[in-house]
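# what's the 3D shape of this:
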Amino acid sequence: MTKTLTKNREERYQTAKDLLIDLRNLKRKLEVDAEIDRTTPPEKFGVPPSGGQLSGAPSSPPEGGTPNTRASSAEYLVSGIKQHRIAVAIIGGFVLIALVAGVIGLSTYLRGRSAEAAIESIAVLPFDNQNQNPDAEYLADGVTESIINNLSQLPNLRVSPRSTVFHYKGKGADPMAVGKELGVRAVLTGRVVQRGDNLTISVELVDIRDNKQLWGQQYNRKVVDALALQQDISREISERLRLKSPGASDQQMARRNPRNAEAYQLYLKGRYYFFKGSQEEVSRAVENFNQALELDPNYALAYAGLADAYYGQADVKYSPKDSMPRMKAAAEKALQLDDTLAEAHNSLAIVSYVYDWDWPMAEREFKRAIELDPNYVFAHDQYGWLLALSGRQTEATNEFSRALQLDPLNLLITVDNNVPYVLSKQYDRGLVFAQKGEEMDPNFFVAHFVQGWIYDKKGDYEKSISKLQKARQLEDQPWITCWLGHAYAASGDRQNALKIIKELDDLSKRRYVSPYFTAEVYAGLKDKEKTIEYLEKAYQDKSIWLVWLRVEDIFDFLRPDPRFQDLERRVGLPQ
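Numbers count the residues shown, from 1 in each chain. Down below sits the predicted model:
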């Protein structure tokens, strides 16, 4: 049993099974020795049958006896044990049973403790800008997102995506309720206080299963140390969760972070403005990403963010020929610096099919992004779009469903799930997702737009016009206006349809408006020549909307026309 108590950890029993084997061997040895006792004359072992003295042995040792006589007390004890081997064997059996039961219980307990410690899922709630300092808002959001991104690199941890957790921003949500709603085991909350150049961040990690705080810490740093701070928090969390990041993941996290602390702050501002969503704020995001790259030209994540921001301007603020090559260059530069960035592969995939019309390359890049990060929500969502626009609706349904499973509170992904159903003419099934988006947020203009789009296809033009007008009130965009014009045209209201065409023409004199939008209104009027004329103009602009040609049924009346067939071929649509 000394093996269980040795100081050297490596020399102890490594498993309960090894200890159990040795205990069983000991029990068998005791039983064999006891059997020998029963069949061997006692005198051979120097012990009288009834515990009497040996023949000729003194009844007691003389005073001041020799060392041999002083050792006789130990010999007597050993002799006594040998004499009662059967009793010892029986007692040993009971001890063995109790000990084995104890070992099994301990092993089970330790396994249970290990299972408790091995937390496999977490949600990082948006850090609270506690003193409501507008200058600290980007820091609160940015540090939150950076921690999410860092933890997402750990292979054995499921991290709720940004778009899901930011649903709770500013709502004072209870971590326990959030954890249960999102189905995660742990929730991290944080508070940010900025006073001048001083930054205080307090964090708490809570185990949802038993409402127990696993860890809490307060950090007092300078604002310029925000980069090191989010790295420290991420590292501390992984240790508290008892998750170890393999070397490859450590290297990935290192590559994700810049060498310049000021560049990191500019990157955080870029992400903050990008997610605000308006064209003015997306332009500010572009400025901040570019400033970050001036300070750190090797900052791969800033290039990936810049690619996203350029896409946000495509066919809206700028023509595709102005914005899409910039998007592609930024994505390619990000991958030159770090080819493990799923975000950059996703951006390159998008530009490959919506602008370069290289559909096979786009599919390879989407698959690579998903391979690098199987939980990257937007890679599944965007890959779903490629599949749907290629006519592969079953595969598209799987990708959209996976994206929604990963990010169930994401409004856009919820609504996006309509696409493969609508394109396979299952209009009512598609309508469910658009209506769900409106239930989640009555002011989400995309949900109203998609309902108007679907009602148009169902031939319910009254509802279509109503929903499209609501969407336009919430967000006045040309791609909403053109579908309103199509609904007017398809319902027989030619006057209002022509009015919409004039609005688009007037708007194009002040900002870029894709000719594709005007072509859609003419398609509603069934004007073949005008529709093809504006589609050709869209082709000359390399409009990103031309990827709809194969699946958009409003162009069905053009499909027999060789000019339309040639246009489909030039856009590289899969045959």
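
# residue 353 touches residue 546, doesn't it?
No: assessed by Cβ atoms under 8 Å, residue 353 is found out of contact with residue 546, at 10.7 Å. C-beta coordinates here come from the backbone N, C-alpha and C atoms, glycine included.

# quick one: distance of whatever helix or strand residue 267 lives in to the chain centre.
Per DSSP states H and E, residue 267 falls inside helix 261-276. Taking Cα atoms, centre = their mean, to the nearest Å, one finds helix 261-276 lying 20 Å from the centre of the chain it belongs to.

# name the helices or strands packed onto that helix?
For helix 261-276, the elements it packs on are helix 137-151, helix 226-240, helix 279-295, helix 300-313, judged by 3 or more Cβ pairs under 8 Å, 6 or more residues apart in numbering; DSSP states H and E.

# going on from the shortest one, what's the next piece of helix or strand?
Taking DSSP H and E as the definition, the helix or strand that follows helix 300-313 towards the C-terminus is helix 320-337.

# in PDB, list the C-alpha atoms belonging to stretch 193-213.
These are the backbone C-alpha positions of stretch 193-213, laid out as PDB (Å, rounded to 0.1, in the frame of the first residue of the first chain):
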ATOM      1  CA  VAL A 193     -15.100  52.100 -16.700                       C
ATOM      2  CA  GLN A 194     -12.900  54.600 -18.500                       C
ATOM      3  CA  ARG A 195     -11.600  57.800 -16.900                       C
ATOM      4  CA  GLY A 196      -9.200  59.600 -19.000                       C
ATOM      5  CA  ASP A 197      -6.400  57.200 -19.900                       C
ATOM      6  CA  ASN A 198      -7.300  54.800 -17.100                       C
ATOM      7  CA  LEU A 199      -9.400  51.700 -17.800                       C
ATOM      8  CA  THR A 200     -11.000  49.400 -15.300                       C
ATOM      9  CA  ILE A 201     -12.600  46.200 -16.400                       C
ATOM     10  CA  SER A 202     -14.300  43.800 -14.000                       C
ATOM     11  CA  VAL A 203     -15.300  40.400 -15.100                       C
ATOM     12  CA  GLU A 204     -17.200  37.400 -13.600                       C
ATOM     13  CA  LEU A 205     -17.500  33.900 -14.900                       C
ATOM     14  CA  VAL A 206     -20.700  32.000 -13.700                       C
ATOM     15  CA  ASP A 207     -21.400  28.300 -13.900                       C
ATOM     16  CA  ILE A 208     -25.100  28.200 -15.000                       C
ATOM     17  CA  ARG A 209     -25.700  24.700 -13.700                       C
ATOM     18  CA  ASP A 210     -25.400  25.600 -10.100                       C
ATOM     19  CA  ASN A 211     -25.300  29.400 -10.200                       C
ATOM     20  CA  LYS A 212     -21.800  29.400  -8.900                       C
ATOM     21  CA  GLN A 213     -19.200  32.000  -9.600                       C
END
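
# report the mean confidence score over that stretch.
In this model, stretch 193-213 has a mean pLDDT of 87.

# check stretch 296-304 too.
When the per-residue pLDDT values of stretch 296-304 are averaged, the result is 93.

# give me the contact list for that stretch.
By Cβ atoms under 8 Å, 6 or more residues apart in numbering, the residues outside stretch 296-304 that reach it are 255-256, 258-260, 263, 266-267, 270, 289, 292-293, 330-331, 333-335, 337-338, 341, 343-344, 347.

# just the buried residues of it, please?
Burial within stretch 296-304, assessed by neighbour count using 16 or more other Cβ atoms under 10 Å, is assigned to 296, 298, 299, 300, 301, 302, 303, 304.

# got TSV for these, with distance to residue 229 too?
Written out in TSV, the entries for the buried residues of stretch 296-304 read as follows (distance: Cβ to Cβ, whole Å):
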residue	distance to residue 229
296	18
298	22
299	18
300	21
301	17
302	19
303	23
304	22
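
# between those residues, which is closest to residue 441?
Residue 441 has its nearest neighbour among the buried residues of stretch 296-304 in residue 304, at 27.5 Å by Cβ to Cβ.

# could you check how far the closest one is from residue 336?
Distance, residue 304 to residue 336, using Cβ to Cβ, to the nearest Å: 12 Å.

# same check on residue 292?
Residue 292 sits 17 Å away from residue 336, going by Cβ to Cβ.

# out of these two, which sits in the busier spot?
Neighbours per residue (other Cβ atoms under 10 Å) separate residue 292 from residue 336, with residue 292 holding more: 27 against 12.
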